[in-house]
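# predicted coordinates and the sequence they were generated for:
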Amino acid sequence: MFIATLFMFINIVMKKLILFVLSLLLISCHQHPKQPKYIFYFIGDGMGINQVLATEMFLAAKKGVVGIDTLSFSNFPTATFSATYSRYNAVTCSAAAGTALASGFKTKKGAIGVDSLLQNPLYSVAYYAKKIDKKVGIVTSVSIDHATPAAFYAHQPNRSMGYEIAIDLLCTNFDFFAGSGFSQLSKDDRPNIISLLKDSGYCVAYGYEQFLEYKKDANKIVLLQQDSLLRLPYAIDRKRTDLSLQQMTTAAVDYLGNHKNGFFVMVEGGLIDWACHSNDASTTITEIEDFSKCVDVALDFYKKYPDETLIVLTADHETGGIVLGTGEYCLDLALLQYQKCSVNELTRKISECRDSLTWDALKSLLGENLGFWEKYSLTTEEEYQLFALYNKTIAEHQHSTIQNLYSENEAIAQAAVEILNKKAKIGWTSYGHSAGVVPVYAIGCGSESFMKVRDNVDIPRIMLQLLK
């Protein structure tokens, strides 16, 4: 009896010991996830949760469905949200937000890669990836020296210091840069940035075809649309010969993908923010669709190396305070499909012929580009608003524009797009940033760690832990 009881006791103890050891192993695995070899970091500038939802509901509405047509990244197994405030401001700017997303530290408004006292550099996760011998790429649809991409390589007290930011790029030895161009190619008697890039060993390619020609012989490469272009064309305005963000992302993977230690690539959809600053809903949605195609490039790569690849997607802040629904129990998002150009391009078209533009010609122009009168009718009040603006700003030559952060639009073009927004039941609270939360999505090696994210600085801190 004693021996049987003893064996029973030993059996119970052994079972508990085995369970305890297994628990320790599980905890250890959770604390020390496998290091990803390949990291994609996507930042949709200005892309709040409602911008993503608007895009998915628009895609469904085009099919006649009330609901959502999910973008690929919305299906990522890890999905959460993040606050975006900066060190001293509840509503952040892109410089402070970019620095937080790059380095894991809050800083003051306008600062690029430096602390809130503007004294000490803050190094980005890209810097540490390079330090452990990964290839590094920085990709954006705006200028390479713009706030968000700059936060990954530069250390300057103010985002407006475009020339100095570009000079910092030369010191990184990062392997791949792609963007529209540079905002400030030269300053005083100092050398041209493009010349300095070439002197530093960078091959400079203009357009995707030239990239394909140069890539084999380039040790480091910069892919541009033009030397001094501030942004790529919006996706809604893009011509066949224009460089696209998707091409840039493909080029980055193509150029960096064979390195034995893997790569880190940051891809910014910068024009989402620009479209939101103009309160241009259709252009915003088209930019998010275009951004999603870049994520699909990464997903194709992930499917080849699922155990070694990490994809993380978020935004630096929300722009415009977009609202889906203006009081009625419906949305008419399908109307947005009739907008064929951005408000900026519509401004260009009106400005181009304003000296000879009749009311009937303007109606034809708005019909062709926004669907007015051709695809759906306007109310008497809406038509009167446009006619009154036509008389004042065109017929009577009292030129009037609406100034946004990145554009200056004809008042009648801005009003026309706002009418379409209202008919679609979309509202905006401002032409600026808001403190709204932004989405965070992740898939792949270590992605479960990002479920803990609640603040933008958490994202690069987790990435750094995964890289150690």
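Cool, the structure landed. Numbers count the residues shown, from 1 in each chain.
# pull the number of nearby residues for the closest residue in space to I426 that isn't next to it in sequence.
Taking Cβ to Cβ, 6 or more residues apart in numbering as the measure, I426 lies nearest to A281, with 4.9 Å between them; neighbours along the chain are not counted. Quick note: C-beta positions are derived from backbone N, CA and C, even for glycine. Each residue near A281 was counted by other Cβ atoms under 10 Å, and the total is 29.
# surely A281 meets K423?
No: the pair A281 and K423 fails to qualify as a contact (Cβ atoms under 8 Å) at a distance of 10.6 Å.
# which residues sit against stretch 187-201?
163, 166-167, 169-170, 182, 184-186, 204, 219-220, 222, 227 (Cβ atoms under 8 Å, 6 or more residues apart in numbering).
# pLDDT on that stretch, on average?
Looking at stretch 187-201 alone, the average pLDDT works out to 96.
# give the buried residues for it.
I193, I194, L196, L197 (16 or more other Cβ atoms under 10 Å).
# do the same with stretch 224-232
L224, Q225, S228, L229, L230, R231, L232.
# what's next to that stretch, contact-wise?
By Cβ under 8 Å, 6+ apart, stretch 224-232 touches 141-144, 178-183, 185, 194, 204-207, 238, 242-245, 270-271, 274, 406.
# tell me how the chain divides into domains.
The record assigns the chain these domain ranges, following automatic domain parsing: 38-323+438-467, 326-425.
# okay, now S143: neighbour count?
For S143, the count of nearby residues is 26 (other Cβ under 10 Å).
# wait, isn't it in contact with F177?
No: using Cβ under 8 Å, S143 and F177 do not qualify as a contacting pair, with a distance of 10.8 Å.
# most neighbours per residue, which of the domains of the chain?
When these are scored by mean count of other Cβ atoms under 10 Å, the highest mean neighbour count falls to domain 38-323+438-467 (a mean of 21).
# endpoints of that domain, how far apart?
From its first residue to its last, domain 38-323+438-467 covers 10 Å (Cα to Cα, to the nearest Å).
# show me how far it is from its chain's centre.
In terms of Cα atoms, centre = their mean, to the nearest Å, the gap separating the centre of domain 38-323+438-467 from the centre of its chain is 6 Å.
# now do stretch 401-420
In terms of Cα atoms, centre = their mean, the centre of stretch 401-420 is set 23 Å apart from its chain centre.
# who touches it?
230-231, 274, 277-282, 335-336, 338-339, 343-344, 346-347, 350-351, 354, 362, 366, 370-372, 378, 382, 385-386, 389-390, 393-394, 400, 431-432.
# before we move on, what about stretch 451-468?
Contacts made with stretch 451-468 from outside it, assessed by Cβ under 8 Å, 6+ apart, are listed as 33, 35-36, 39, 41, 78, 80-84, 97, 100-106, 124-125, 128-129, 132, 310, 312, 314, 316, 438, 440, 445-446, 449-450.
# among those, name the ones in helices.
For the contacts of stretch 451-468, the ones inside helices are A97, A100, L101, A102, S103, V125, Y128, A129, with DSSP state H as the criterion.
# reformat those residues into a markdown table and put distance to N89 and pLDDT next to each item.
What follows is these, written out as a markdown table (distance: Cβ to Cβ, whole Å; pLDDT from 0 to 100):
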| residue | distance to N89 | pLDDT |
| --- | --- | --- |
| A97 | 10 | 98 |
| A100 | 12 | 98 |
| L101 | 16 | 98 |
| A102 | 18 | 98 |
| S103 | 17 | 98 |
| V125 | 23 | 98 |
| Y128 | 27 | 98 |
| A129 | 29 | 98 |
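# first to last residue in stretch 273-291, what's the distance?
Here the two ends of stretch 273-291 are set 12 Å apart, with distance taken as Cα to Cα.
# let me see the mean pLDDT of it.
Mean per-residue pLDDT for stretch 273-291: 98.
# adjust the sequence numbering to begin at 154 for everything that follows.
Done: numbering now begins at 154, and the last item shifts to stretch 426-444.
# just checking, A307 touches L323?
No: with contact taken as Cβ under 8 Å, A307 and L323 are classed as non-touching, separated by 10.4 Å.
# how far away is L484 from V476?
Counting by Cβ to Cβ, to the nearest Å, the separation of L484 from V476 is 11 Å.
# joint contacts of the two?
Shared contacts of L484 and V476 (Cβ under 8 Å, 6+ apart): I579.
# from D426, how far out is L486?
21 Å.
# follow-up on the earlier one: need the max-distance pair from the buried residues of stretch 377-385.
Of all pairs drawn from the buried residues of stretch 377-385, the greatest distance, 13.2 Å, lies between S381 and L385 (Cβ to Cβ).
# nearest residue to A487 other than its sequence neighbours?
Spatial nearest neighbour of A487, chain neighbours left out: A214 (4.1 Å); criterion: Cβ to Cβ, 6+ apart.
# I'd assumed the one you found was in a helix, is it?
Yes: membership of A214 in a helix is supported by DSSP: H, G, I helix; E, B strand; the rest coil.
# beta-bridge partners for T293, please?
According to DSSP bridges, the partner residues bridging T293 are E421.
# so it sits against G332, correct?
Yes: counting by Cβ under 8 Å, G332 is a contact partner of T293 at 4.5 Å.
# need the overlap of contacts for the two.
By Cβ under 8 Å, 6+ apart, the residues touching both T293 and G332 are H299, P302.
# got the CA positions of stretch 399-409 in PDB?
Presented in PDB, the C-alpha positions along stretch 399-409 are these (Å, rounded to 0.1, in the frame of the first residue of the first chain):
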ATOM      1  CA  GLN A 399       4.400  50.100 -56.500                       C
ATOM      2  CA  GLN A 400       7.300  50.100 -59.000                       C
ATOM      3  CA  MET A 401       9.600  51.600 -56.300                       C
ATOM      4  CA  THR A 402       8.600  48.900 -53.900                       C
ATOM      5  CA  THR A 403       9.200  46.200 -56.500                       C
ATOM      6  CA  ALA A 404      12.600  47.800 -57.300                       C
ATOM      7  CA  ALA A 405      13.500  47.700 -53.600                       C
ATOM      8  CA  VAL A 406      12.700  44.000 -53.200                       C
ATOM      9  CA  ASP A 407      14.400  43.200 -56.500                       C
ATOM     10  CA  TYR A 408      17.600  45.100 -55.500                       C
ATOM     11  CA  LEU A 409      17.900  44.100 -51.900                       C
END
